[in-house]
Structures are given as structure tokens and as C-alpha cells.
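*Asks:* sequence plus predicted model, see below.
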Amino acid sequence: MAERERTGGRATTWPEAIAAWARRPAGGSPWWLQDFAHAFAERLRNWSAAECGPGRLMPWLPVAFGFGIVLYFTADREPAIWATLGLAVSCAATAVMSRARSVGFVVALVIAAAGAGLAATTLRSAYVAHPVLRYPAFSVDITGWIEVREERERTDRIVVRVHTIQAERLDAVLERVRLSVRKRTAPPVGSFVSLKARLNPPLQPVRPGGYDFARDLYFQRIGAFGFAFGEIKRMPPPYPSGFWLRYAAFFASLRDTIDARIRADLPGDAGAIASALITGKRDAISTPVNDAMFISGLGHILSISGYHMAIVAGVVFFVVRGLLALGPALALGYPIKKWAAFAALFAAGFYLLLSGSEVATQRSFVMTAIVLIGVMVDRSALTLRNLALAAFAVLLLAPEAVVHPSFQMSFAATLALVAAYQHGLPWTIRGADTSVGARIVLWGGREIVSLILASMVAGLATTLYAGYHFHRLAPYGVLANLLAMPIVSVWVMPAGLLALAVLPLGFDGPLWRLMGLGVEWMVAVALWVANLPGAVGRIHAFGTGPLLLGTAGLIVICLLRSPLRWCGAGLIGLAIVMVLRTAPPDVFVAPGAEAVAVRTAGDRLAIFKLGNDMFAMREWLAADADARPPSDPTLANAFLCDEDGCIAKLTDGALVSVVLSPEAFEEDCRRAAVVITRRSAPPDCAAMMIDRKISQQTGALALQRTSTGFTLVRARPAGYDRPWAHIRGSDTPAGSGPSRNFQSPSRDATPRQDDLRPDD
């Protein structure tokens, strides 16, 4: 790209402006300061020229596009389609008109990309628009098609595309619902079923800044979640299902068949993990092993991403090319390398469809496809451009992915690895032509160094995102990856791919068992590392400010080539300082005031719950870096309760009251600093009041004690109006009876932390 902007017939750049400042009359400035200004301006000129070279802008465009998507999600109200489209078109036209001005063109193009991201997400939201349940509903009669079936540790889960839905008091005609069902009762994908269910509105954030599952469900076109009870009856469909449902049914059946074959030879967690690596079905892994995988830093293996896609494509490429090379006529007369690349591309595409096409898998397939297509057309593959194209492809198809941890961790790790490779980390052992170097290479020294560096780079790149979303770190991640990844690379995945290839012939059993031996080693490493002292690194929750600042720092470090990239290190350092200075809230209030947490004198949370939903308690404890489980009976010890309510003391001795009956208002409004209730409060209460009305309007709340009172932070700010937003609480529509808890204690229909599916 051109380096300079024409202004008044004269070429200027911002480094030249600094040089002009340095050449102004000295006015008593010391000579060494003038020399420093001249040298600094010259350096800036050289660095900016390097950063503005041909092709250097391309990786920044998806960054700007993603920033536009982030702007969409920060709005309090839904943007108008006409406004976002008009903005995007105007910015694009401005960029075209300013293409003769290098600096102006760059700025206009980046703004146009951001405007396009905002417009694309607004269009996506309008495209998926559907009704969302606002109030819990009992005894709902539903008929529809099974679109998704997932196996879980305690229950199975299905997504039903609704054909008919009826209930006595139902405030929305839903398109899709997600239901928990009893183990081994879920019909196969594509079945038309009739069932009865209890439905809840999508789960809102249980604390300000917490993950918004309702937003996720909205973009999946799911309007409610709950659980089915009674018999699930399969029925003849009223009309033939569409192409996409037949496609989903075919691959779901294929995954189920492969999963059954694997787990017939590999019972328990070994079979569940082997199936996760081949089919993407990872919901059957037991909770202890699943937690150990993520605590140890091996959780990325469970997500089919770049590593798995590279192995599949690489194995197929070299096997096909090697077989074709056995024939001299083929090897000498035909482009067998291109044929092998085509076969590898086909295998990677099949693996993408078989594994469920998650965000990490989509990104990996796009990058792999670009490399293989480059081989077929005799073009070299530029890795940062590959990553930029992959990001564009994913964000165009699903712009909502940018706020999901899977996208963030996957792209952060890949960007860091690509940048580290391009900046010259010693992926190869230099001096291999010497005797010492040859021995190092012979004994795998190069691979060990590469593995250690890759683990460190990817781990550091994803640390901020793991801390933000999951409030935990993996201090021993490098050790776990060093012990497990070589086995996965040379044993587990090749054995699994060979077993998959010979499965139609019926010779797959011994190969699955061989794969299982490697998986058992990986599980043993994960459990051993997870039980080391200090293996669970916990961190307090922090806001989006440090996350965005750290992301900007990572992008600057990875995309810039000149020493200017170290400005990114300053941004990351500032983000770390902000994280460490984040003060945790003193009071949490769940949506509908179903649970209350108070920070007591021991600087730990005491939690009092009114319902049976443990999800808010789990999230609060994790966000507070507290290792106690939500079932710990001592969590409520700091609350003193009677039939009218409960009180607890904050660290400074101020009282927080939870009022259960109207008789408690008079006394608690005089004594307490904060009064929380699920009832309607009297208007003359002297304390800070959080009652039924406030809870319905704001959702979850967090209170921070200050010298003048309390600072209140809302999960849903006043006037917040987004299509997925509602208040999940104890409120019921008029005439539906008294408030009550709608969560079944025997079947957990709330999301689990691994619903976020972290990938790196």
C-alpha cells in the first residue's frame, strides 16, 4: 500500500511531521534532545514504512470487522437495520472515494470494515428473530422434530423444532426448545415426537458481566429450555422433513454408529474421549475427567480444531501421495502432489461435517483448505492471510461467535502461534549439520523444543480469556502437553484414523483398543497434573475493559512486524494491572432474588438460596476464586435466620437483610443497610431496597460497598431492550397463581460451564 498522503501537492507522513517538529527553532533545547528527536523520527519513518507495506493491511480488516460486531453487542437497544446498512454503505463509499489518499484510505477502509461488521450482525439478528419465552410454563404439549441429541453424564438433551405447542398459559409460540430428558430415552435425530414438558425462559446472566446464555440460545433459535416428563412418543410426521433435517439426521446417525462402535470396544472415559476426537461427541466424559483435562491444560484436545484437522489432512496427504508414488508412470507423468492435496481436502471436509462443525473446526478447515488449494494451484500459503480469511468466513456465517470463548481462545492461540513462527522462534534446531546438532535432531530435540514453545505461546495467548470466562488458569499446562501431546500425535490420532478407514470392513476393533491405550495415558497425565499442588489456578472475575485491552495488545504484538509491536506488551501489562486491581462485589443478587451472596468478615461469600437452582451459586463461587462447591453446607452459616427472614454482616459490620414475610420490613428497614426481598417493598423503607419490581427490571445485581453507600451494577441496565433479553425470576403472568420455584431438583436443566466449550 502507498506510504504517503498527498496534501496540497506535497507528500507528508506522520513521522515526517515529528521530524518537522524536531527541526523547529531550538529555543534553548539541548543539542542531544534535538538529535534524539531526529533519530526517533527516522526510526518511526522506517517502522511505519514496514507496517504499511503491500499486504500488511489485510489481517487488520477482520479485526475491524470483529470490532463492529462487538459494538453491536454493547448497544442497549437493537440497532435499526436501515441505520446500520446506511452506515456501512456510506463508509464503503467514503473508502472508495479516498483511495488516492493513502492514510485516509486506510482509515476509511478500517471504519468501513467495522461498519460492515455492525450491519452483518444486525442482519443476522433479524434473520434469526423468533419468540422467546418470558414466563415459566407447566404441562406444555409439544410436537416436533428432534434436531439435536446430546448425551450427558446424568441426563440426555434434545433440541426440538416445534410443530405445535399448547399450554394453558403460554406467552409465546416458540420455534425451538431445548429439553433435558431421562438417560437413554432421547429418540434419534430426525424423529417426529410428541411429549409434555416444563419450560423456563432462557437463563439470564446470574451476575453483572456474567456469560449470557440467553443470547447464545437466541442465535441458535431456541426460545426456552426445560425438561420433558412422561413418555416421549414417536409419531408419523405430518409432512416430509426438509433437506437440512435430513442432512442432520444422516450425520447424527453416522456419528452415533461410530460412537457405538468405539465405546463397544472402549468403555468408560477412554471410549468417550476417543469418540470426542473422532466424532466430536464429548458430552459423555465424566465430570472428574473433564475437569482434570481443563485443569491440566489438556482440554484443547477435546475440541476438534487446528491440531486435529492438521493431523487428518497431513496423514491423508502423505499416505495418498506415497501410494501414488509407488507407480513410476504416475509419479513422473502426473501431478500426484495435487491429487494428494485434493484427497486431503476431501478428508478434511468430511471430518468437519462428521465432527459437528464447531467454530474451532470451521476455522481450522478454512485454513487447511486454503493451504491445500494453494498446493493445487501452485501458490504459496501466507499464514496470516489464511487466518484472516478464516476469521472472515466464520464471522460472516455466525457473527455472534465473536463473544463466545470458543472463538476467542481458538483464534488467540492460532494467531499467537502463527506470529511466533513468522517472528523466528527456533522451531528447528540450528546447526543440525554438526555432530551435536544431528544427535539432538535424532533424539527428537527439535520436536521437544517445538512442543514446549507451542504450549507456552498458546497458553499465554489464551490465559486472559480463560481467566475472564472460567476464572481459572492452568499453571502446569506446558508439563501436561509435553507428556501427552507426543502420544496423541503419533499414537492416538493415527490409530483412530486408521480404525475409521477400516470400520466398513469390520477390522476396526483392535485399532480402537490400540487408540484407547494412548487415551488412557493422556487421562492418567491429566489426573496426575490436576492433582499437583497449585494445579488449580483461580482468579477473581474482572470486567470487559481488561479483556478488550489485552486483546488489543495481543493483536498489536502479533500483527505488527517492526519494534512498534512491543507497544502491545504495554497494553497487556496495563490489562494485567486492571485485572489485579479489580475489587470483587460485596453483595450478589440472583435474578428474581432466588439467591443472595454477602461478603462477610472472612472476605468470603456467604450464600443464602431460596430455590433449588445451584447454577448461580456455582458461578458466584467461581467468580470469587472460591474453591468451595455450591453444595457446601457451611455456605449459609453467616446468615442468621428465622421465619421472617435472614440477616448477614458485611466486612464492615453493615447488615444485609433478606426479607421473607411482610412483618420483617419495619425492623429491617431501620437496622439494615440493604434489604432484599422477593415481595413488593413498602415505599418508606430507609434502607437500600431491592424488591420484586427492581429485580424484574434489572435481572442480576452486584453491590459494591463505598464510603458513601453502595454502588449498584445491573446485569440489564435501565432501558436495555434486546431481542434475547428478559428477566428470569419468580414473576408469573397475571392470574397464574403465586410465585414458586420452577427448577426441578432431580433433573438439572440449567447450562453447565462446559456448554461454553472452550477451545484453544
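*Replies:* In hand now; what should we look at?

*Asks:* what residue ranges in this protein are flagged as low confidence?
*Replies:* Along the chain, segments meeting pLDDT under 70 span 1-38, 40, 48-55, 306, 359-360, 380-382, 424-448, 613, 727-760.

*Asks:* per the record, what domains does it have?
*Replies:* Using automatic domain parsing, the domain ranges for the chain come out as 5-127, 128-241+733-760, 544-580, 587-714.

*Asks:* redo those as CSV? Include mean neighbour count and distance to A458.
*Replies:* In this view, the C-beta of every residue, glycine as well, is placed from N, C-alpha and C. Output for the domains of the chain, formatted as CSV (neighbours: other CB atoms under 10 Å; distance: least, CB to CB, whole Å):
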stretch, mean neighbour count, distance to A458
domain 5-127, 16, 19
domain 128-241+733-760, 18, 6
domain 544-580, 18, 12
domain 587-714, 19, 23
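
*Asks:* span of stretch 150-169 from start to end?
*Replies:* 29 Å (CA to CA, to the nearest Å).

*Asks:* sorry, wrong one. I was asking about stretch 608-616.
*Replies:* End-to-end for stretch 608-616, by CA to CA: 11 Å.

*Asks:* helices of the stretch 451-600 of the chain, start to end?
*Replies:* Counting by DSSP state H, counting those that start in this stretch, one finds helices in the stretch 451-600 of the chain at the ranges 477-487, 493-502, 509-530, 544-559, 567-580.

*Asks:* wait, the stretch 301-450 of the chain
*Replies:* 306-325, 328-333, 336-354, 359-376, 383-397, 405-422, 435-442, 445-470.

*Asks:* with distance to R134 and mean neighbour count added, can I get the ones you listed in a markdown table?
*Replies:* Output for the helices of the stretch 301-450 of the chain, formatted as a markdown table (distance: least, CB to CB, whole Å; neighbours: other CB atoms under 10 Å):
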| stretch | distance to R134 | mean neighbour count |
| --- | --- | --- |
| helix 306-325 | 41 | 19 |
| helix 328-333 | 65 | 10 |
| helix 336-354 | 36 | 19 |
| helix 359-376 | 29 | 22 |
| helix 383-397 | 29 | 19 |
| helix 405-422 | 27 | 23 |
| helix 435-442 | 64 | 13 |
| helix 445-470 | 27 | 20 |
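
*Asks:* what's the longest strand in the protein?
*Replies:* For the chain, the longest strand by residue count, based on DSSP state E, is strand 137-151.

*Asks:* list the strands paired with that one, with their directions.
*Replies:* When pairing is defined by DSSP bridges, strand 137-151 lines up against strand 156-166 (antiparallel), strand 192-200 (antiparallel).

*Asks:* would TSV of the helices of the stretch 451-600 of the chain with distance to R161 be doable?
*Replies:* Formatted as TSV, the helices of the stretch 451-600 of the chain follow (distance: least, CB to CB, whole Å):
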stretch	distance to R161
helix 477-487	40
helix 493-502	30
helix 509-530	34
helix 544-559	34
helix 567-580	42
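
*Asks:* how near is F608 to D624?
*Replies:* Separation of F608 from D624 (CB to CB, to the nearest Å): 15 Å.

*Asks:* ugh, typo on my part, it should be E667
*Replies:* In terms of CB to CB, E667 sits 30 Å off from D624.

*Asks:* now do W491
*Replies:* 41 Å.

*Asks:* next, T122: secondary structure please.
*Replies:* Judged by DSSP: H, G, I helix; E, B strand; the rest coil, the three-state class of T122 is helix.

*Asks:* actually Q204, not the one I typed
*Replies:* coil.

*Asks:* what does M58 give?
*Replies:* Assignment for M58 (three-state DSSP): coil.

*Asks:* all further residue positions should be reported with the first residue as 57.
*Replies:* Shifting the count to begin at 57 puts that one at M114.

*Asks:* that one against N442, yeah?
*Replies:* No: in this structure M114 lies outside contact range of N442 using CB atoms under 8 Å: 10.6 Å.

*Asks:* can you classify the nearest residue to W780 once chain neighbours are set aside by secondary structure?
*Replies:* Leaving aside its sequence neighbours, W780 sits nearest to Y274 (CB to CB, 6 or more residues apart in numbering; 3.5 Å). Three-state call for Y274 (three-state DSSP): helix.

*Asks:* so who does Y274 touch?
*Replies:* Taking CB atoms under 8 Å, 6 or more residues apart in numbering, we find Y274 in contact with V184, H186, V188, P258, P779, W780.

*Asks:* let me know the closest of those residues to G122.
*Replies:* V184 (19.0 Å; CB to CB).

*Asks:* and that closest one, how far from E456?
*Replies:* On the measure of CB to CB, V184 and E456 end up 9 Å apart.

*Asks:* which neighbours do the two share?
*Replies:* F275.

*Asks:* which one of the helices of the stretch 507-656 of the chain lies closest to R101?
*Replies:* Judging the helices of the stretch 507-656 of the chain by CB to CB, what sits closest to R101 is helix 623-636, at 16.7 Å.

*Asks:* and for the closest one, what's in contact with it?
*Replies:* Taking CB under 8 Å, 6+ apart as the rule, helix 623-636 contacts 520, 523, 595, 598, 601-603, 605-606, 608-614, 616.

*Asks:* just the angle between that helix and helix 600-615, please?
*Replies:* 160 degrees (axes from the mean of the first three to the mean of the last three CA atoms, to 10 degrees).

*Asks:* now do the buried residues in stretch 301-314.
*Replies:* Residues of stretch 301-314 classed as buried by neighbour count (16 or more other CB atoms under 10 Å): L301, A304, A305, F307, A308, R311, D312, I314.

*Asks:* tell me which of these fall in helices.
*Replies:* Among the buried residues of stretch 301-314, the members found in helices (DSSP state H) are L301, A304, A305, F307, A308, R311, D312, I314.
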